[in-house]
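J.: Let me see the structure of the following:
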Amino acid sequence: MSQQDYQKQPLNGAYYGPSIPPPPNTYNRPGRRGVRGGCCLWDCGCCLLSCVCKIIFTVVILTGIVALVFWLVVHPHAIKVQATDALLTQFTLSGSGNDTLLYDLTLNFSVRNPNSHIGIYYDVIDLRAYYDDQRFAATELTSFYQGKKNTTDLGPVALQGQNVITVSSGLNSDYSTQQTDGVFDITVKMYLPMRFKIAGVKTVSLKPKIQCDLKVPLRTSGQSFQSTGCKYDL
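T.: Down below sits the predicted model:
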């Protein structure tokens with residue numbers, strides 16, 4: 001049989017073409033399905049947390065810069081309160097147990113606003129007088145506005161009347177000594193609700209407490225009152 005006849009000879013059986021290679025191994029371990037989706041969710045969570053942290057950090061930095069600029073421009077200073085004069089006409093313990101204090105006290109104060117860019121609104125000021133840590137008198141001062149770089153005089157503030165106090169051996173001893181010296185230790189506390197006016201904008205109300213530790217001479221002693229600076233009572 002020639003080569004040409006051999007090539008024309010039909011094949012015995014069906015012809016299926018060239019062999020197909022086996023499919024690649026796509027076996028997944030149990031429980032690993034959806035791992036790629038979990039990683040995406042984890043990455044999104046980390047990205048969101050990172051963005052939030054960056055926003056908070058930026059806000060903190062900007063707030064600090066604004067506060068620094070405000071301080072450099074406005075340069076706020078605390079107000080200064082001073083007791084400029086005090087007149088004590090009567091300060092007597094009476095009653096069966098010496099437990100009633102009769103008093104006649106007149107006070108004068110000055111309030112200094114040292115700020116060049118800040119005006120101050122003072123609401124009703126609550127003033128209280130104490131002897132031996134016991135309050136014996138109180139009054140209210142009317143509200144007012146204080147301009148920039150301004151000093152305002154408060155007074156005369158008249159405190160007159162009588163009040164029952166708790167008597168102790170320590171109080172009797174202090175009172176006897178001070179009566180002999182003609183000078184009494186009286187503490188005055190002022191509650192100053194105030195609002196600041198900065199570039200036409202009013203702030204919320206603050207309420208600092210001022211304490212004045214005074215040595216007030218009795219009028220009959222012939223001594224003079226010494227002007228006394230007050231401090232913030234924290």
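
J.: low pLDDT regions in the protein?
T.: The model of the chain has pLDDT under 70 over residues 1-43, 45, 65-75, 234.

J.: Helices of that one, start to end?
T.: For the chain, the helices defined by DSSP state H occupy 3-8, 35-74, 169-181.

J.: State the distance from the residue nearest the centre of the chain to T152.
T.: With distances taken as CA atoms, centre = their mean, L206 lies nearest the centre of the chain, 8.7 Å away. L206 is 18 Å from T152, where distance means CB to CB, to the nearest Å. Backbone N, C-alpha and C define where each C-beta goes, glycine included.

J.: go on, L101?
T.: For L101 relative to T152 (CB to CB), the value is 30 Å.

J.: okay, these two: which has more neighbours?
T.: Neighbour totals were compared for L101 and T152, and L101 leads with 23 against 16 (other CB atoms under 10 Å).

J.: Surely that one touches N163?
T.: Yes: counting by CB atoms under 8 Å, N163 is a contact partner of L101 at 5.5 Å.

J.: shared neighbours of those two, anything?
T.: F136 (CB atoms under 8 Å, 6 or more residues apart in numbering).

J.: on that earlier part again, how about the residue nearest to the centre of the chain: what's its closest non-neighbour residue?
T.: Using CB to CB, 6 or more residues apart in numbering and skipping the chain neighbours, the partner closest in space to L206 is M194 (5.7 Å).

J.: mind listing the strands in the chain by residue range?
T.: With DSSP state E as the criterion, the chain has strands at 80-94, 100-113, 118-122, 125-131, 134-141, 144-146, 150-164, 183-191, 194-198, 201-202, 209-217, 228-229, 231-232.

J.: Number of residues surrounding F184?
T.: Neighbours of F184 (other CB under 10 Å): 22.

J.: State the distance from it to L48.
T.: 68 Å.

J.: try F57
T.: Counting by CB to CB, the gap from F57 to L48 is 15 Å.

J.: Ok, L105 next?
T.: Applying CB to CB, the value for L105 to L48 is 66 Å.

J.: Compare the two (neighbour count), which wins?
T.: Set side by side, L105 and L48 show more neighbours around L105, with 23 against 10, by other CB under 10 Å.

J.: Am I right that the more buried one is in contact with D85?
T.: No: L105 is beyond contact range of D85, at 11.3 Å (criterion: CB under 8 Å).

J.: Distance to L62 added to the strands of the chain, as TSV?
T.: Shown next, in TSV, are the strands of the chain (distance: least, CB to CB, whole Å):
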stretch	distance to L62
strand 80-94	33
strand 100-113	30
strand 118-122	23
strand 125-131	37
strand 134-141	41
strand 144-146	32
strand 150-164	34
strand 183-191	35
strand 194-198	19
strand 201-202	19
strand 209-217	33
strand 228-229	39
strand 231-232	31
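
J.: Tell me which of the ones you listed approaches V52 most closely.
T.: When those are compared by CB to CB, strand 201-202 sits nearest V52, at 31.0 Å.

J.: what's the spacing between D233 and V216?
T.: Noted for D233: a distance of 19 Å to V216, by CB to CB.
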